[in-house]
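S.K.: Got a predicted model here, sequence first, then my questions.
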Amino acid sequence: MDFAAEPSHTLADPKELLLGYLDYYRTAIGRKLDGMPDDELRNSRLPSGWTPLELVNHLLHMERRWLRWGFTAEQVDAPWGDADEHDRWVAPPETTAAELITALHEGGEQTRTIAGSADLADLAAVGGRFQSDKERPTLAQILFHVLQEYARHAGHLDIVRELADGRLGE
């Protein structure tokens, strides 16, 4: 799988800038998990209790919630499948980091397809995540929200990785 580099500092197209940084952060998430032992991926070192695999599963569902279920109003299975009844993140016990990272990149391809057929000013469809005209954000707002989620959670994984084995992020 090809991994994304940080977008060029001369990139001027706003949509491509957002999509490029999303690709970059998906790759960064994968790098942060690379080489972590299974017990570190499935256990938490944090008082809040989330594990690295649960965080990645959250990112996978979050992007799908905002783009497929949100922007296009596609009916998706278990849009909130990253959380349990107590709103705590979960990940299927049999899943691996490689499977989640692959699914993250596949979701990124779907995001690019959706964004490629719309303008940044286009409003999300009614009928999926958004039930009224007043709720509908623009594609730009959605992409920016998804990007900030990736960036914030990549920083969280920096901390977890440092606690696990001393490896530092950027």
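M.R.: Right, received. Where do you want to start?
S.K.: Tell me who's in contact with the most centrally placed residue in the chain.
M.R.: When Cα atoms, centre = their mean is applied to the chain, the residue found nearest the centroid is residue 59 (3.2 Å). If a contact means Cβ atoms under 8 Å, 6 or more residues apart in numbering, then residue 59 has 29, 104, 149, 150, 153 as its contacts. Heads up, the C-betas are built off the backbone N, CA and C, glycines and all.
S.K.: can you count the residues close to the residue nearest to the fourth one when sequence neighbours are not counted?
M.R.: Nearest residue to residue 150 in three dimensions, chain neighbours excluded: residue 25, at 3.7 Å (Cβ to Cβ, 6 or more residues apart in numbering). Applying other Cβ atoms under 10 Å, we find 24 other residues in the vicinity of residue 25.
S.K.: how about the helix or strand hosting residue 25: buried residues?
M.R.: Using DSSP states H and E, residue 25 falls within helix 14-33. Judged by neighbour count using 16 or more other Cβ atoms under 10 Å, the buried positions of helix 14-33 are 15, 18-33.
S.K.: what do you get for stretch 60-76?
M.R.: Residues 60-74, 76 are the ones in stretch 60-76 that count as buried (16+ other Cβ under 10 Å).
S.K.: for stretch 120-138, same thing?
M.R.: Of the residues in stretch 120-138, those buried (16+ other Cβ under 10 Å) are 120, 123, 124, 128, 129, 130, 136, 137, 138.
S.K.: which other residues reach that stretch?
M.R.: Residues outside stretch 120-138 that contact it (Cβ under 8 Å, 6+ apart) are 14-15, 65-66, 68-76, 79, 139-140, 142-143, 145.
S.K.: now the top helix by length along the chain: mean pLDDT?
M.R.: Ranked by number of residues, the top helix in the chain under DSSP state H is helix 139-165. The average pLDDT within helix 139-165 is 97.
S.K.: Show me which positions of that helix end up buried.
M.R.: Those buried within helix 139-165 under the rule 16+ other Cβ under 10 Å are 139-144, 146-147, 149-150, 153-154, 157-158, 160-161, 164.
S.K.: who touches stretch 97-109?
M.R.: The list of residues contacting stretch 97-109 from outside it, by Cβ under 8 Å, 6+ apart, reads 1, 22-23, 26, 29-30, 33, 36, 41, 52-53, 56-57, 59-60, 63-64, 67, 91.
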